[in-house]
Every structure is written in structure tokens, then in C-alpha cells.
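*Asks:* what follows is a predicted protein model with its sequence.
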Amino acid sequence: MAVDTTDVRACVQALVDYAATRGLVGWADRVWSYNATLEAVGALGPGPDEDWVLAERPGGETGLDLEAALAALADLAVENGQVEDTAGGRDRVSMRVMGTLMPRPSETVSSFEGLLADEGARAATDWFYRVCCDAGYVRRAAIARNIQWSSPTRWGDLEITINLSKPEKDPRDIAAAGAAKATGEKYPACQLCIENEGYPGRGAAAAGGEHPARQNLRIIPVELDGERWGLQYSPYAYFNEHCIAMSAHHRPMHIDEKALRCLLDFVDLLPHYFIGSNADLPIVGGSILSHDHFQGGDHEFPMMRAEVAETFSMGAFPGVEGAVLSWPLTVLRLRSDSRDELLAAAVHVIDSWRAWTDESVDVVAVDADGTRHNTVTPVVRRVDDEGRAGGGRYEAYLALRCNLTSDEHPLGIFHPHAEYHHIKKENIGLIEVMGLAILPPRLVGELGAVREHLLAARARGAEGAEVRRELDADPLTASHAAWAEDVFARRADDLDDARAEQVLRDEVGAVFGHVLEDAGVFKWDEPGVAARRRFVGSL
């Protein structure tokens with residue numbers, strides 16, 4: 001049933017019923033929750049309907065549009081002077097409201113641990129993920145705005161996402177940030193600290209700068225390698241049940257034996273999830289190197305389906321099966337029934353790679369000043385004998401990385417090269433390594449403009465040089481001009497109203513494949529294969 005979000009009473013009642021029917025609050029908590037919601041938006045009324053107060057628990061779902069209800073209450077909070085009239089202010093009050101309409105952290109942990117003990121890991125994560133979605137922490141409506149497709153390439157089907165879920169910066173927030181005064185201590189130290197749980201957030205003008213509200217964040221404490229870590233879900237997920245495991249300590253990322261033990265402990269706890277880490281060096285690492293964390297979830301990435309190009313063994317680890325994957329990056333896959341032997345073998349590979357130099361393929365382990373360049377992007381999961389997730393065997397993927405730069409490639413020799421920056425310029429992190437592209441929202445308008453230019457050019461029988469001039473002259477398409485001209489030359493016959501969008505999507509997928517090839521330390525040409533075999537042979 002549709003709810004009139006302009007009616008404060010109806011809106012709050014519907015929101016509270018939504019929370020109660022999903023088990024976020026008890027049915028007996030409804031009046032308290034109604035009043036807590038009014039307080040959160042700075043209202044002292046109106047009161048609830050008597051029939052609503054006395055109602056018995058309904059049997060079905062309310063059908064509430066959560067995003068619309070929270071937007072209406074944010075309007076009321078702005079009107080009541082509770083927050084500034086910006087996107088950030090409205091989001092903070094929405095999270096404040098939802099923080100009152102869900103279990104306390106201790107209750108969440110108790111329910112998770114009870115399900116884990118009684119029904120197993122999948123039941124526990126199913127419940128926890130649903131709570132995080134129902135409470136609005138995982139932004140389902142925002143995630144649904146992402147544009148996603150798969151593209152066939154020589155490496156298999158790659159997954160492409162144009163990220164539209166994260167909100168654009170509000171110009172008023174940007175202006176406020178510019179006027180904000182510098183401050184000393186920053187709390188929380190970053191968005192991955194466990195102290196974010198329940199944090200009210202702050203605006204761009206506040207001391208310390210803008211920080212998102214986290215009243216509806218719930219973190220499950222887990223033990224990895226004898227230390228406390230936290231498990232939460234990503235609010236802007238890129239794949240199914242995209243979770244984050246973060247250290248309770250604000251310390252830098254590190255890839256070593258301790259990190260691998262943590263990854264293995266994680267898949268022992270939740271064997272249906274994979275878990276991986278960004279590399280621990282700039283250029284080849286992720287966006288947050290300052291806080292030790294991993295990412296995982298319930299998804300099989302293209303890399304995990306890659307064919308085996310070659311197999312190898314390591315004499316010191318007879319129980320470990322080694323494979324070089326047919327993948328644009330250099331990825332070594334290790335499998336074993338023995339956790340301890342897989343761990344030892346993976347550490348051996350990492351230590352060997354950190355010390356490996358082969359200048360014939362631009363790999364330099366350490367500069368004269370001691371700056372190191374080699375590391376890995378590791379991924380771990382449990383699989384059965386057929387390679388399906390959730391079995392008893394251990395599987396580790398080690399993507400070899402090197403962050404060396406050159407005059408020709410100042411952003412990184414093994415970083416997306418300049419010819420592909422019109423599509424992807426950012427670092428190739430964990431998610432991209434596994435074959436899922438996260439592309440910027442600007443591409444929606446830019447690719448749309450490319451499509452229109454190419455369709456118009458084909459309709460009038462234009463030649464390549466004329467097409468290029470028009471693409472260069474349009475600010476939306478200028479950065480894509482050389483690429484789009486090439487697409488037009490090769491695929492003009494496929495460019496009609498029905499197929500043009502698919503053509504461009506396939507071509508974007510091909511660019512992503514080339515970007516991943518750029519990130520590969522050992523190329524698939526003859527010198528690269530020979531260099532890779534020298535390294536693998538040394539193991």
C-alpha cells in the first residue's frame with residue numbers, strides 16, 4: 001500500500017511498522033520508536049493514531065518505499081533546523097532515524113553468533129545482510145542505479161559496472177569544506193575504523209571535515225589470527241553480499257604471513273565467502289592503504305573461472321597444486337587440502353616475488369634507496385573438488401604486482417596506460433584484479449554522446465576524418481575521439497539504433513581487458529612468458 005509521505009503521522013507510522021515487521025524493533029517498541037523518530041527530526045508531534053497504537057501485529061509486509069520515507073523525514077528535519085539543507089545533512093538525519101529503528105550492537109552480535117552456532121555460517125550472514133539492507137545501511141536503491149553488463153573478451157566474460165550508487169558531491173558541501181578550519185585529532189581516524197559504529201557524522205564545515213553518519217552501522221566482532229577484527233557490509237556494494245573485514249587497530253595495510261593467516265581464518269569462519277586484500281603499495285593498492293582491511297562476499301569473479309594456462313609444483317610443498325591462470329594479470333593459483341601447507345607455499349611465493357628483479361620486463365624489486373616495488377594482491381576461498389565455493393579445499397590466488405614508474409608511464413608501468421584513461425585511469429585494485437571494472441559515472445553522458453555522433457555519422461555516410469573532427473569538437477567526446485574513430489572504422493555496419501549501445505559496451509569491455517593487461521607484470525608475448533617461467537621455475 002502506498003504511503004502519503006507528506007503526512008508526517010502516516011509516514012512515521014509506516015516507517016515504524018516497516019521496522020517492526022522486519023524484526024528491526026519489537027512490536028511492543030512501536031510507540032517508543034514513533035517518538036524516537038520524531039525526536040530525530042526535531043518534531044514534537046503529531047501523535048500517532050489510537051488505532052495504530054493498539055493494533056495487533058500484521059501478518060504481511062508494509063510495502064514502504066524506504067528511500068522516499070527517509071527523504072520526507074529529512075525534509076522535515078531541515079525545516080526544523082536539525083541539519084543543513086545539503087545532501088550530506090539529509091543523509092545524516094536519515095541515518096539517525098534508522099539508527100533508532102534497529103537492534104543495538106550487542107543484540108545484533110548475539111543474534112549473529114546464535115545463528116552461526118545453531119544453523120551455520122550461511123544462515124548467520126543471510127540474516128545479518130538482510131538486517132543491514134532493511135536498516136538502510138546497504139543502500140539497495142542506490143546500488144540499483146548502477147549500470148552493469150558483461151563483455152566477452154579473450155579472457156572470458158568480464159564484468160563491467162558504471163558506478164552511479166555513490167552520491168555526487170553537493171556544491172554546498174564542497175563550499176563548506178573549503179571554508180572549514182584545520183583541526184588536530186580526527187575522529188574517527190578513517191571510515192574503516194570500528195569506532196564508526198553509531199557515529200553521528202559531521203558536515204563539511206565541521207572541524208575535521210565531512211564524515212558520513214553511521215548510526216545504522218552494525219559490526220560483528222570476529223577473531224582473525226588471534227586479534228579482534230570487525231565484519232560489516234559495504235554500503236555501496238559492487239557484488240553480492242560485499243563485505244569488509246577491518247582490523248580493530250588503525251594501522252597500514254600489509255601483505256605478509258600474518259595477513260594470509262587472517263584471510264584463512266576468515267574463510268574457516270565463513271567458508272561460503274571469498275576474502276581478499278588490496279596490495280599494500282601505492283599505485284597497485286586500493287584507495288585506503290592507511291587501515292588494515294579486507295573485502296569479501298558471496299560472488300564468483302571472472303578470475304575464479306579462468307582457464308589454467310600452465311601447472312607447476314614446488315618441491316618443498318608437495319601437497320600444493322600450482323597453476324598459472326590464463327588471465328591478463330599474472331595470477332598464480334595455489335590449491336591444497338592442507339591449510340598449513342598452502343599458507344607456507346603462499347608465503348614462499350610472496351617472499352620470492354618481493355625479492356625478484358628481471359629488468360628485461362621492467363620488474364625491479366627494490367631501488368637503491370631501499371624503496372620496494374613488488375607485492376601481491378591475494379585472494380583466498382574454500383572450494384570443493386570441482387572448484388565450487390564452500391568446500392573443504394583451500395585456494396589462494398596471488399596476483400603479482402609491481403608499482404615501478406618510468407618517464408613513459410609516470411603513473412605506473414603496470415598501471416592503466418594513457419591511451420585507456422578515457423575509460424579507466426584509477427588504480428587497479430582487488431575488485432578489478434578479479435575481473436570487475438568499477439567505472440566512473442561521467443561515462444554515462446560521454447558514451448551516450450559518442451553513440452549519437454557515431455549513429456549520425458553512419459546515417460550520412462561520413463568518413464573517418466570527418467567523424468574524428470566532430471568527436472574532437474565535442475567536450476563530452478573529445479577524450480574518446482581516437483577510440484571512437486577506431487570503433488567506427490571497424491564496426492560501422494553494426495552501428496544502428498538497436499545495436500549501437502551493445503557495440504559500445506563490448507568495446508568498453510575490450511578496453512577494460514587491455515587495462516588489466518597493462519597491469520600484468522609478465523605479458524603474454526614471448527619475452528613475457530619466458531620471464532614468467534623463470535620466476536615460476538625459481539619457486
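*Replies:* All right, it came through fine.
*Asks:* buried residues, stretch 501-508. List them.
*Replies:* 503, 504, 505, 506, 507, 508 (16 or more other C-beta atoms under 10 Å). In short, each C-beta sits where N, CA and C put it, glycine included.
*Asks:* okay, these in a markdown table with distance to residue 267 and secondary structure next?
*Replies:* Below are the buried residues of stretch 501-508 laid out as a markdown table (distance: C-beta to C-beta, whole Å; DSSP: H, G, I helix; E, B strand; the rest coil):
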| residue | distance to residue 267 | secondary structure |
| --- | --- | --- |
| 503 | 40 | helix |
| 504 | 38 | helix |
| 505 | 34 | helix |
| 506 | 35 | helix |
| 507 | 37 | helix |
| 508 | 33 | helix |
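*Asks:* chain neighbours aside, what residue packs nearest to residue 341?
*Replies:* Among residues not flanking residue 341 along the chain, residue 319 sits closest, at 4.6 Å (C-beta to C-beta, 6 or more residues apart in numbering).
*Asks:* ok, of the buried residues of stretch 501-508, which one's closest to residue 162?
*Replies:* Nearest to residue 162, judged by C-beta to C-beta, of the buried residues of stretch 501-508 is residue 508 at 8.9 Å.
*Asks:* what's next to stretch 41-48, contact-wise?
*Replies:* With contacts defined as C-beta atoms under 8 Å, 6 or more residues apart in numbering, stretch 41-48 is touched by 8-9, 12-13, 31, 34, 38, 73-74, 76-77, 80-82, 93, 97.
*Asks:* apply 10 Å and report the result again.
*Replies:* 7-10, 12-13, 16, 30-31, 34-35, 37-38, 53, 55, 72-83, 93-94, 96-97 (C-beta atoms under 10 Å, 6 or more residues apart in numbering).
*Asks:* pull out the buried residues from those residues.
*Replies:* 8-10, 12-13, 16, 30, 34-35, 37-38, 72-78, 82-83, 93-94, 96-97.
*Asks:* quick one: residue 349 from residue 67, how far?
*Replies:* 46 Å (C-beta to C-beta, to the nearest Å).
*Asks:* ok, these two, which is more surrounded?
*Replies:* residue 349 (23 against 14; other C-beta atoms under 10 Å).
*Asks:* tell me the pLDDT of the more buried one.
*Replies:* Residue 349 is assigned 98 on the pLDDT scale.
*Asks:* hang on, it is in a helix, isn't it?
*Replies:* Yes. Under DSSP: H, G, I helix; E, B strand; the rest coil, residue 349 falls within a helix.
*Asks:* sorry, back to before: in helices, which of the buried ones among the contacts of stretch 41-48 fall?
*Replies:* Using DSSP state H, the members of the buried ones among the contacts of stretch 41-48 that fall in helices are 8-10, 12-13, 16, 30, 34-35, 37-38, 72-78, 93-94, 96-97.
*Asks:* do you know the pLDDT at residue 178?
*Replies:* 43.
*Asks:* revised request: answer the last question for residue 435.
*Replies:* 98.
*Asks:* please apply the same query to residue 439.
*Replies:* 95.
*Asks:* before we move on, what about residue 207?
*Replies:* 84.
*Asks:* from residue 241, how far off is it?
*Replies:* Going from residue 207 to residue 241 by C-beta to C-beta gives 36 Å.
*Asks:* now swap in residue 476 and tell me
*Replies:* In terms of C-beta to C-beta, residue 476 sits 36 Å off from residue 241.
*Asks:* next: residue 516.
*Replies:* Note on residue 516: its distance to residue 241, by C-beta to C-beta, is 24 Å.
*Asks:* okay, these two: which has more neighbours?
*Replies:* residue 516 (26 against 21).
*Asks:* give the contact list for that one.
*Replies:* 153, 155, 158, 302-303, 327-329, 399, 416, 424, 428, 432-435, 437.
*Asks:* which stretches of the protein have low pLDDT?
*Replies:* Applying pLDDT under 70 to the chain flags the ranges 1-5, 58-61, 166-184, 287.
*Asks:* just the strands in it please.
*Replies:* Ranges of strands in the chain, per DSSP state E, are 147-153, 156-162, 220-224, 227-233, 243-247, 274-276, 293-297, 308-312, 321-325, 331-336, 374-383, 393-402, 436-439.
*Asks:* which residue sits closest to residue 275, ignoring its sequence neighbours?
*Replies:* residue 296 (3.7 Å).
*Asks:* so what's that neighbour bridging to?
*Replies:* Note on residue 296: beta-bridge partners by DSSP bridges are residue 243, residue 275.
*Asks:* hmm, residue 229 and it touching each other?
*Replies:* No. Residue 296 is beyond contact range of residue 229, at 11.8 Å (criterion: C-beta atoms under 10 Å).
*Asks:* give the contact list for the closest residue in space to residue 307 that isn't next to it in sequence.
*Replies:* Using C-beta to C-beta, 6+ apart and skipping the chain neighbours, the partner closest in space to residue 307 is residue 326 (4.4 Å). By C-beta under 10 Å, 6+ apart, the contact list for residue 326 reads 154, 155, 156, 306, 307, 308, 309, 310, 524.
*Asks:* this completes my enquiry, with thanks.
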